[in-house]
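Trainee: sequence below, structure please.
(one chain, ligands or ions: 1)
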Amino acid sequence: MIVIDAGHGGVDKGASGNGLFESDYTLLISKYMKDRFDELGIPAKLTRDSDETLTPNERVNRILSAYGNDPGVLVISNHLNAGGGEGAEVIYALRNNDTLAKSILEGLGSAGQPVRKVYQRRLPSDQTKDYYFIHRNTGVTEPLIIEYGFIDNQNDAKRIKNNYKKYAEEVVKTIANAKGFTYTPPRVQNEYVVERGDTLWNISKKLDTTVEEIKKLNNLNSNLLYIGQVLKVPNYNTVTDTNITYVVKKGDTLYSIASKNNISVNRLKEVNNLKTDDLSIGQSLIIPETESIVLPKEDEIINEGSVYVVEKGDTLYSIAKKFNTTVDKLKETNSIINDILTIGMNLLIPSSGSTLQDIIIHTVEPGDSLWSISRKYNTTVNDIKQLNNLDTDLLVVGQELQVKRNTK
Ligand SMILES: [Zn+2]
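Mentor: Predicted coordinates for the structure are as follows:
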């Protein structure tokens, strides 16, 4: 049983960038999944199927009332990231293991999206609890937050816009296989039967095409339709791979373009059928989607109060050095008694000076404004906005904000 949670919605547009809003794409992805789970006969419900504002409480209530508070309920919370980075992440709850999260991330990788990592995140003020309410407040269900990519990253935004169905399909496939359902690829639909109330416009929206396209395919000279009319429609379930085109600028070399896009010069030449290394200004080059993984660059720039996931080869000393802190502080912050680290373990990185405990979660109450909250915790409006990736001053009652509390 699956609850598909389209993150954000209504006045809460979530992250934005490159002309896209997170809440729109989480809805598109979620609705696509719902249709596909229906086709496959896998029980699934949506937390929202329109551009609706939901408080965290309302969202949790819908999740728990969909199929009850049961470990057999899988919650797929769809999100897009922002704040500098590229690629997909999956965050799983403290009460679950990482098996499904890993499979989903691998699936997204095979669908052409760069992937970063799977991880858990703990509440700084109480490390026995999950950081995200979708993990923390959803009983014994199995919730996964899928961050498909960074909406404020141009490459990710482009890929998500073009490939969101492909990515959603990959998640559906992974879940179907993991939970023992028979998976069949999406039906390719070539025909549409006109229903009462249909217009060319709403059919085109429904099928992700245009009015012109439908008219052309069916040689229609007018917009008139009749109920039961069979229309030819484009294969709306086929998803296309899109490559990014790059126009050569003055000073560019094959090497500089390749390294900027995380691919090899050979691959770049191969994709573009280049026999020599010569480029001309204005020339269009196809930049293939990176098959590659992870950009460690952003991972290393971790803000204070962040979680670090222990990797192979790490020691307390190397981590302390990396984050400009001491082994003692690291051990104290994380209540580590011996010096043993396990790969995948989450470590809270103490900030220099103030302690992590200074970041708290404030739940927005009626009457709150960014200004009043900033006064309460002796911080600034900008700081709160930055910490929470807010690009508006609008708050929703029940919204959870990270606030850095400064002591005078
Ligand atoms: Zn989000």
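Trainee: and the residue of the stretch 1-150 of the chain nearest the ion?
Mentor: Scanning the stretch 1-150 of the chain for proximity to the ion using Cβ to the ion identifies His79 as nearest, at 3.5 Å. C-betas here are computed from N, CA, C, even on glycine.
Trainee: ok, that residue - how many residues close by?
Mentor: Neighbour count for His79, taken as other Cβ atoms under 10 Å: 26.
Trainee: return the set of residues that bridge with it.
Mentor: Glu147 (DSSP bridges).
Trainee: how near is it to Ala6?
Mentor: For His79, the distance to Ala6 under the criterion Cβ to Cβ, to the nearest Å works out to 9 Å.
Trainee: where do the contact lists of those two overlap?
Mentor: Both His79 and Ala6 are in contact with Thr26, where contact means Cβ atoms under 8 Å, 6 or more residues apart in numbering.
Trainee: what about the helices in the chain?
Mentor: The residue ranges that make up the helices of the chain, judged by DSSP state H, are 22-40, 56-67, 99-110, 133-136, 154-178, 200-206, 211-217, 254-260, 265-271, 296-300, 316-322, 327-333, 370-376, 381-387.
Trainee: for the fourth one, give the mean pLDDT please.
Mentor: What that stands for is helix 133-136. Taken as a whole, helix 133-136 has a mean pLDDT of 95.
Trainee: swap in stretch 160-171?
Mentor: The average pLDDT within stretch 160-171 is 93.
Trainee: so what touches it?
Mentor: With contact meaning Cβ under 8 Å, 6+ apart, stretch 160-171 is reached by 20, 25, 28-29, 32-33, 36, 76, 80, 88, 104, 107-108, 110-113, 146, 148-149, 151, 185-186, 237, 239-242.
Trainee: so what's Asn18 up against?
Mentor: Asn18 makes contact with 151-154, 157-158 under the criterion Cβ under 8 Å, 6+ apart.
Trainee: same thing but at 7 Å, please
Mentor: Residues in contact with Asn18, defined by Cβ atoms under 7 Å, 6 or more residues apart in numbering, are 151-152, 154, 157.
Trainee: any idea how far the residue in the chain sticking out farthest from the centre is from the ion?
Mentor: Centroid-distance maximum for the chain: Asn221 at 42.3 Å, with Cα atoms, centre = their mean. According to Cβ to the ion, to the nearest Å, Asn221 and the ion sit 45 Å apart.
Trainee: lowest-confidence helix or strand of the chain?
Mentor: Sorting the helices and strands of the chain by mean pLDDT, DSSP states H and E puts helix 296-300 at the bottom, at a mean of 34.
Trainee: on that earlier part again, now the two most distant members of the contacts of Asn18.
Mentor: Comparing every pair within the contacts of Asn18 by Cβ to Cβ identifies Ile151 and Gln154 as the most remote, at 10.0 Å.
Trainee: okay, the two: which has more neighbours?
Mentor: Neighbour count, other Cβ under 10 Å: between Ile151 and Gln154, Ile151 has more, with 27 against 13.
Trainee: okay, that one: pLDDT?
Mentor: The pLDDT attached to Ile151 in the predicted structure is 94.
Trainee: next, work out how far apart it and the ion are.
Mentor: In this structure, Ile151 lies at 9 Å from the ion, with Cβ to the ion as the measure.
Trainee: residues contacting that residue?
Mentor: Listed by Cβ under 7 Å, 6+ apart, the contact set of Ile151 reads 15-18, 20, 22, 80-82, 157.
Trainee: neighbour-wise, which one of the residues you listed leads?
Mentor: Ranked by neighbour count under the definition other Cβ under 10 Å, the contacts of Ile151 are headed by Leu80 with 30 neighbours.
Trainee: tell me the contacts of Ile343?
Mentor: By Cβ under 7 Å, 6+ apart, the residues touching Ile343 are 310-312.
Trainee: what's the PyMOL line that selects buried ones from these?
Mentor: In PyMOL, this line selects whichever of the contacts of Ile343 come out buried by 16 or more other Cβ atoms under 10 Å:
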select buried, resi 310
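Trainee: reformat the contacts of Ile343 as JSON lines; add pLDDT.
Mentor: Written out in JSON lines, the entries for the contacts of Ile343 read as follows (pLDDT from 0 to 100):
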{"residue": "Val310", "pLDDT": "81"}
{"residue": "Glu311", "pLDDT": "81"}
{"residue": "Lys312", "pLDDT": "80"}
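Trainee: quick one: buried residues of stretch 164-178?
Mentor: 164-176.
Trainee: let me fix that, I meant to ask about stretch 29-38.
Mentor: 29-34, 36-37.
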